[in-house]
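Student: from the sequence below, what's the structure:
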Amino acid sequence: MTENTSPLISILVATYNGEKFILDQLESLYNQTYSNKELIIVDDCSTDNTVKIIENWSTNKSNVKLYTFKENLGYLKNFERGIKLCEGNYISLCDQDDIWDIEKTYKLYQKIGKNDLAYCNSSFVDEDLKNLNKSFKDKSNMLSSNDPLNYLIRNNISGHALLFKKDLLVSNFKFPEFITHDRWLAFLASSRNGTVFLDESLVKYRIHNNNSLGGKKRIKKNKKTQKIEAASKIKSLCEILPNNFQNEKKGLETVYLSYVNNNVINRFKRCIFFLKNYNRILAIPKKTKAKKIFYALSMFNKIR
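Tutor: Below you'll find the predicted structure:
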């Protein structure tokens, strides 16, 4: 496939105070074997030398565009505004501190086919890129899916590992509050033309103090906040389900009502929904059947 016949793929890089690792990542993106690509870099008001490093690196590189802003929005909304700037029919999302295999873009494009989203495995490395002999596949079941319930409570599709068709976001462009952008994309794709997994590790994912897996633990939220956020998530997911998922939509409406009014009857209905669908809802976590059933039963009291 020549550059003239291959579709444009946008690689969107979201940056914020990433001076330590950004140059290595940019080199791995620029050297991708898939030639018809653009690099869109959106900086979320960095206060270090990130922007200066990017400006120096991108000199005379026509397919690299850097955008800076006056307002810090956080990573979710930064990705959202970046997607609006992408001109490609396909989009890959990128963190500032990883390293991509040079064939990642090409291989995911070859894999996606009629699906809306393709994703690959990623290997964990330390700050100096030393292999830690673990991967995302060790943590979760990696699957190809046409079932949105697979992504109701867990997500195995990381933003840095995916390629999606821009058309996927035509009707649902705005990322909702309390749902990560990659989980939103996974849920959308699985309810439409599907997700597909490429069983190759094509990303080196750095573990360090400032990223989500290697950094500090999340602040524990009180029950009231958990309930509000859980209700908002379920409502957003329910609203985007196509009409061919009527049973699933009714089930999510039941869960949503149980969060709004957590009385005994609604809690019982929520528990029944999880028990009936535990294999689908818990397809991603690596749990035994007994643990899945116990998890479903625990939904009588817990809010996810």
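
Student: what helices and strands are in contact with the longest helix that the chain contains?
Tutor: Counting by DSSP state H, the longest helix found in the chain is helix 223-239. If you count contacts as 3 or more C-beta pairs under 8 Å, 6 or more residues apart in numbering; DSSP states H and E, helix 223-239 packs onto helix 246-260. Backbone N, C-alpha and C define where each C-beta goes, glycine included.

Student: the helix it packs on: how far from the chain's middle?
Tutor: 23 Å (C-alpha atoms, centre = their mean, to the nearest Å).

Student: in it, what's buried?
Tutor: 248, 249, 251, 252, 254, 255, 256, 257, 258, 259 (16 or more other C-beta atoms under 10 Å).

Student: who are the neighbours in contact with the first one?
Tutor: If a contact means C-beta atoms under 8 Å, 6 or more residues apart in numbering, then residue 248 has 148, 149, 241 as its contacts.

Student: in this structure the second one contacts residue 279, no?
Tutor: Meaning residue 149. No - contact between residue 149 and residue 279 fails when scored by C-beta atoms under 8 Å: they sit 9.4 Å apart.

Student: let me know the angle separating the lowest-mean-pLDDT helix or strand in the chain from helix 246-260.
Tutor: In the chain, the helix or strand scored least confidently by mean pLDDT, DSSP states H and E is helix 223-239, which has a mean of 90. Angle, helix 223-239 to helix 246-260, by axes from the mean of the first three to the mean of the last three C-alpha atoms, to 10 degrees: 160 degrees.

Student: circling back: out of the contacts of residue 248, which is most surrounded?
Tutor: Neighbour counts for the contacts of residue 248 peak at residue 149, which has 25 neighbours (criterion: other C-beta atoms under 10 Å).

Student: and the strands in the stretch 51-200 of the chain?
Tutor: In the stretch 51-200 of the chain, the strands defined using DSSP state E, counting those that start in this stretch lie at 64-68, 90-94, 99-100, 117-125, 131-135, 162-165, 195-206.

Student: same list (the ones you listed) but as TSV, adding distance to residue 14.
Tutor: TSV is the format used below for the strands of the stretch 51-200 of the chain (distance: least, C-beta to C-beta, whole Å):
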stretch	distance to residue 14
strand 64-68	11
strand 90-94	7
strand 99-100	15
strand 117-125	17
strand 131-135	23
strand 162-165	14
strand 195-206	15
